[in-house]
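Participant: Build the 3D model from these lines:
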Amino acid sequence: MNVPETAPEAAPYTKPHDIVEAAGHPVGAGNMKPEYDYRLANEDLAPLKKQSWTSYNIFAFWMSDVHSVGGYVTAGSLFALGIASWQVLLALVIGICIVQYFANLVAKPSQKTGVPYPVVNRAIFGIKGANIPAIIRGLIAIAWYGVQTFLAAESLNIIFLKFIPGSAALLEPSFLGLSALGWISYAILWVAQAALFWRGMEVIRKFIDFAGPAVYVVMIILAVYLVSKAGWSNISFTLSEGPPMDFWASVPVMLTAIALVVSYFSGPMLNFGDFARYGKSFQAVKRGNFWGLPVNFLFFSLLVVITASATVPVFGELITDPIKTVEKIDSWFAILLGGLTFVIATVGINIVANFISPAFDFSNVAPHKISWRMGGMIAAVGSVILTPWNWYSNDTAIHYSLGVLGALIGPLFGILIAGYYVSAHQRIQTDEMFTMSEKGTYWYSKGYNKNAVYALIWAGVPTVILAVFPKLLADLGIFDISWVSNYTWFIGCGLGYAIFVMLERANPQVPSLEGLSAGVSDGTLDGAASTPASEPAAISAEIPVQKVTEG
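Facilitator: From the prediction side, this is the model:
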C-alpha cells in the first residue's frame with residue numbers, strides 16, 4: 001500500500017542491534033533524516049555526513065581488485081595471444097584507460113550525493129525500479145564470491161599439504177564434490193572473510209590499504225627469485241608459441257585484448273560508486289583511479305609476464321597460474337609466504353568486488369529488514385549453496401549462467417551514464433530518492449521509469465543472444481562467430497546508452513531540475529556533505545518537478 005502523500009511515514013527509531021555504521025564511522029554517519037521513508041533508507045544507504053577516503057584509499061581499492069589469481073591469469077593471458085609485446089602493452093594501456101574513463105563517469109554521481117550504486121539508480125530506474133539493476137549485480141557477485149573463495153582455498157590447501165603431510169588423507173573423502181580438506185580450507189576462508197566484513201568499511205579500508213602493497217612486495221620477491229634462477233637473457237615478454245603475426249592479422253587480436261581488459265573490470269566498474277561515495281573529493285577519486293588503474297595494472301602486468309616467462313627455464317614449462325608457480329618452488333618458506341600472499345590477495349578482491357556490492361544491493365531491496373551486514377551475509381551463504389567448485393572448471397556452465405548475467409552489465413552501465421549525464425544533466429535531488437510519495441521526483445510510473453526498464457530489455461536481449469548463442473552455434477559445427485562474445489560489454493553499453501537516450505527524448509521522464517538549487521546535487525560541489533546538509537525536508541518542501549507524466 002502506498003504511503004499517503006500528505007502524511008509520509010517517517011523512518012522509525014532503529015534499535016541498536018539493527019544499526020550498521022556507514023563506512024565504519026560512529027552511528028549517524030548516514031544522514032538519516034526523520035522524513036526518509038523507512039522502506040527506502042537505513043544508516044548504510046543514506047547520504048554520508050563524512051567522506052574521508054583519500055586518493056591512496058582508492059588506489060589501494062584497485063590494487064586489491066587487480067592483485068588476485070584471476071588478475072594474474074588475465075594479465076598473463078594477454079601476453080600469450082600471439083602478438084608482439086609492444087602490441088600487448090599498447091592494448092593493455094588502451095583497455096585500462098577506457099576502464100579509468102568509465103570508472104570516473106560512474107564515480108561522480110555517488111561521490112557527489114554520498115549514496116551507493118543502487119540508490120543512485122533510483123534517480124534513473126525509479127524508486128522501485130532501482131532494485132532491478134541491484135539484484136542483477138548482486139547475483140553476479142554471489143557467484144564470483146564463491147569462485148574467488150574456492151581459488152583462495154586452493155592456495156590454503158597447498159600450505160596444509162606442505163606443512164601437515166597427514167592432511168593428504170583428507171583429499172579422498174568428499175562431500176558435494178569437494179574434498180574434506182577443500183571444505184576445511186573453504187570454511188576457514190569463508191569465516192575469515194565474513195569476520196572482516198562484519199567489522200565494517202573502515203576495517204575493510206585498512207585491510208585493502210595493507211593488502212595491495214603487501215602483495216606487490218611478495219610478487220617482486222618472487223619475480224627476482226625466478227629471474228635470478230632463469231637469467232635475464234632467458235626472459236621473454238612474449239609468452240605465445242609459434243611465429244609472430246603480421247600487423248594486419250594482429251589488429252583483431254589487439255582489439256580482443258582491449259575488450260578482455262575492459263570485461264575483466266566490468267563488474268567492479270559498474271558498482272564503483274559503492275566506494276567512490278567515501279571519497280573526500282571527486283578529484284581525490286580521479287587521482288586514485290589514475291594510480292590504481294593504468295599505472296598499477298601496467299606495472300602488475302609487467303611483473304606477471306616476467307614471472308611467468310621465468311617459469312619456462314626454471315621449471316621446464318610455462319606456468320601462468322601463481323598458485324601452481326608457488327607450489328613448484330622447493331622451499332617451505334616460499335610456499336608459506338606465496339600461499340598466504342595469494343590467499344590475502346584473493347580475499348582482498350572478494351571483499352571489494354563481491355562482498356560490498358551485494359551488501360548494498362540486497363539492503364536496497366528492503367532497507368528496514370536487510371542491513372548492510374545482512375546483505376553481505378546473504379551473498380556469503382548463497383555462494384556456498386551454489387557449490388562453485390562444481391562448475392568453475394566447466395566452461396560451458398559458466399558461459400550459460402554467468403554469461404547471461406554478465407551480458408547485462410554493459411546495458412546497465414550505459415543506461416546509468418545516459419541517465420545521469422544526458423537526461424539529468426548531473427542534477428539529482430538527493431532527498432527525493434528516499435520518499436515513496438507518488439508526487440516524488442523519482443516515482444515515475446508506480447515507482448518505475450519505463451524508459452529505463454524498456455532500454456534494459458531492448459539492449460539486454462540482443463546482448464545476451466550475442467553472449468550465448470555464438471558458442472552454441474560453434475559447438476554444433478554450424479559456423480563460428482564466437483569472437484563477437486568478447487565485445488558484448490561494449491555492444492550492451494552502447495545499446496543501453498543509445499536506446500535510453502532515444503526513449504527519453506521521445507517521452508522524457510528523468511527530470512532535469514533546471515532552475516532549482518535547493519537540495520539539488522548539480523555535480524559541481526566538492527563532495528556530498530554540503531548538499532544533504534542544505535537540503536530541505538524530502539516531503540515537506542513544495543518543489544516543482546519538471547517531469548512529463550505518462551499519458
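Participant: Would you map the strands across the stretch 151-300 of the chain?
Facilitator: 174-175, 178-179 (DSSP state E, counting those that start in this stretch).
Participant: Most tightly packed of those?
Facilitator: strand 178-179 (a mean of 18; mean count of other Cβ atoms under 10 Å). In short, each C-beta sits where N, CA and C put it, glycine included.
Participant: mind listing what it pairs with, with the direction of each?
Facilitator: Here strand 178-179 has these sheet partners by DSSP bridges: strand 174-175 (antiparallel).
Participant: Contacts made by the partner strand with the rest, please.
Facilitator: Strand 174-175 has contacts (Cβ atoms under 8 Å, 6 or more residues apart in numbering) with 180, 182, 183.
Participant: circling back to that earlier point, can you tell me which of the strands of the stretch 151-300 of the chain comes nearest to residue 167?
Facilitator: strand 178-179 (10.1 Å; Cβ to Cβ).
Participant: So which bits of the helix or strand where residue 138 lies are buried?
Facilitator: Here residue 138, judged by DSSP states H and E, is contained in helix 131-163. Judged by neighbour count using 16 or more other Cβ atoms under 10 Å, the buried positions of helix 131-163 are 131-162.
Participant: The strands of the stretch 151-300 of the chain: which one's closest to residue 420?
Facilitator: Comparing the strands of the stretch 151-300 of the chain by Cβ to Cβ, strand 178-179 comes nearest, at 43.0 Å.
Participant: just the helices in the stretch 151-300 of the chain please.
Facilitator: 180-198, 201-230, 247-270, 273-276, 282-290, 296-315 (DSSP state H, counting those that start in this stretch).
Participant: quick one: residue 167 from residue 159, how far?
Facilitator: In this view, residue 167 and residue 159 are 10 Å apart by Cβ to Cβ, to the nearest Å.
Participant: For the residue lying closest to residue 378 once chain neighbours are set aside, list the residues it contacts.
Facilitator: Excluding its sequence neighbours, the residue lying closest to residue 378 (Cβ to Cβ, 6 or more residues apart in numbering) is residue 362, at 5.2 Å. Neighbouring residues of residue 362 by Cβ under 8 Å, 6+ apart: 134, 135, 138, 370, 374, 375, 378, 379.
Participant: quick one: the first one and residue 168, what's the gap?
Facilitator: Distance of residue 134 to residue 168, computed by Cβ to Cβ: 44 Å.
Participant: how many degrees apart are the helix or strand residue 63 falls within and helix 247-270 in direction?
Facilitator: Assessed by DSSP H and E, residue 63 sits inside helix 55-66. If you take axes from the mean of the first three to the mean of the last three Cα atoms, to 10 degrees, helix 55-66 sits at 120 degrees to helix 247-270.
Participant: packing partners for the helix or strand that comes right after helix 55-66?
Facilitator: Helices and strands here follow DSSP H and E; after helix 55-66, the next one along the chain is helix 69-78. In this structure, helix 69-78 packs against helix 85-113, helix 131-163, helix 247-270, helix 296-315, helix 322-328, helix 332-349, with contacts taken as 3 or more Cβ pairs under 8 Å, 6 or more residues apart in numbering; DSSP states H and E.
Participant: so can I have TSV of these showing mean pLDDT and distance to residue 75?
Facilitator: Below are those laid out as TSV (pLDDT from 0 to 100; distance: least, Cβ to Cβ, whole Å):
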stretch	mean pLDDT	distance to residue 75
helix 85-113	93	8
helix 131-163	88	15
helix 247-270	88	9
helix 296-315	90	4
helix 322-328	81	10
helix 332-349	81	13
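Participant: so who does the most centrally placed residue in the chain touch?
Facilitator: When Cα atoms, centre = their mean is applied to the chain, the residue found nearest the centroid is residue 268 (1.6 Å). Shown in contact with residue 268 (Cβ under 8 Å, 6+ apart): 65, 352, 353, 357.
Participant: and the gap between residue 219 and residue 132?
Facilitator: Counting by Cβ to Cβ - residue 219 and residue 132 are separated by 39 Å.
Participant: Please apply the same query to residue 63.
Facilitator: The value you get for residue 63 to residue 132, if Cβ to Cβ is used, is 32 Å.
Participant: follow-up on the earlier one: looking at the contacts of strand 174-175, which has the most residues close by?
Facilitator: residue 182 (20 neighbours; other Cβ atoms under 10 Å).
Participant: check contacts around that residue.
Facilitator: With Cβ under 8 Å, 6+ apart, residue 182 has these contacts: 153, 157, 174, 389.
Participant: dump the residue contacts of the last one.
Facilitator: With contact taken as Cβ under 8 Å, 6+ apart, residue 389 is in contact with 150, 177, 178, 182.
Participant: Tabulate those in TSV, adding columns for distance to residue 341.
Facilitator: As requested, the contacts of residue 389 are exported to TSV (distance: Cβ to Cβ, whole Å):
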residue	distance to residue 341
150	18
177	27
178	23
182	20
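Participant: which of those lies closest to residue 451?
Facilitator: residue 150 (39.8 Å).
Participant: you'd agree that closest one is up against residue 390?
Facilitator: No. With contact defined as Cβ atoms under 8 Å, residue 150 and residue 390 do not form a contacting pair (9.8 Å).
Participant: what about residue 442, helix or strand, and which?
Facilitator: Judged by DSSP H and E, residue 442 forms part of no helix or strand.
Participant: what's the pLDDT at it?
Facilitator: With respect to pLDDT, residue 442 scores 96.
Participant: Distance of it relative to residue 78?
Facilitator: With Cβ to Cβ as the criterion, residue 442 and residue 78 are 42 Å apart.
Participant: ranges for the helices of the stretch 451-551 of the chain?
Facilitator: Going by DSSP H, counting those that start in this stretch, the stretch 451-551 of the chain shows helices at 488-506, 530-534.
Participant: got TSV for the ones you listed, with mean neighbour count, distance to residue 473 and mean pLDDT too?
Facilitator: Formatted as TSV, the helices of the stretch 451-551 of the chain follow (neighbours: other Cβ atoms under 10 Å; distance: least, Cβ to Cβ, whole Å; pLDDT from 0 to 100):
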stretch	mean neighbour count	distance to residue 473	mean pLDDT
helix 488-506	21	15	96
helix 530-534	15	51	46
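Participant: Mind putting the ones you listed into a markdown table with distance to residue 50?
Facilitator: Shown next, in a markdown table, are those (distance: least, Cβ to Cβ, whole Å):
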| stretch | distance to residue 50 |
| --- | --- |
| helix 488-506 | 33 |
| helix 530-534 | 11 |
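Participant: nearest to residue 451, of those helices?
Facilitator: Minimum separation from residue 451 across those (Cβ to Cβ) falls at helix 488-506, 4.0 Å.
Participant: How far off centre is the closest one?
Facilitator: Chain-centre distance of helix 488-506: 21 Å, with Cα atoms, centre = their mean, to the nearest Å.
Participant: hmm, who's touching it?
Facilitator: 259, 262-263, 266, 406-415, 417-419, 422-423, 451-452, 454-456, 458-460, 462-463, 466-467, 510.
Participant: repeat that for 6 Å
Facilitator: Applying Cβ atoms under 6 Å, 6 or more residues apart in numbering, the external contacts of helix 488-506 come out as 262-263, 266, 407, 410-411, 413-415, 418, 422-423, 451, 455, 458-459, 463, 466-467.
Participant: Drop anything exposed from those.
Facilitator: Counted by 16+ other Cβ under 10 Å, the contacts of helix 488-506 give 262-263, 266, 407, 410-411, 413-415, 418, 423, 451, 455, 458-459, 463, 466-467 as buried.
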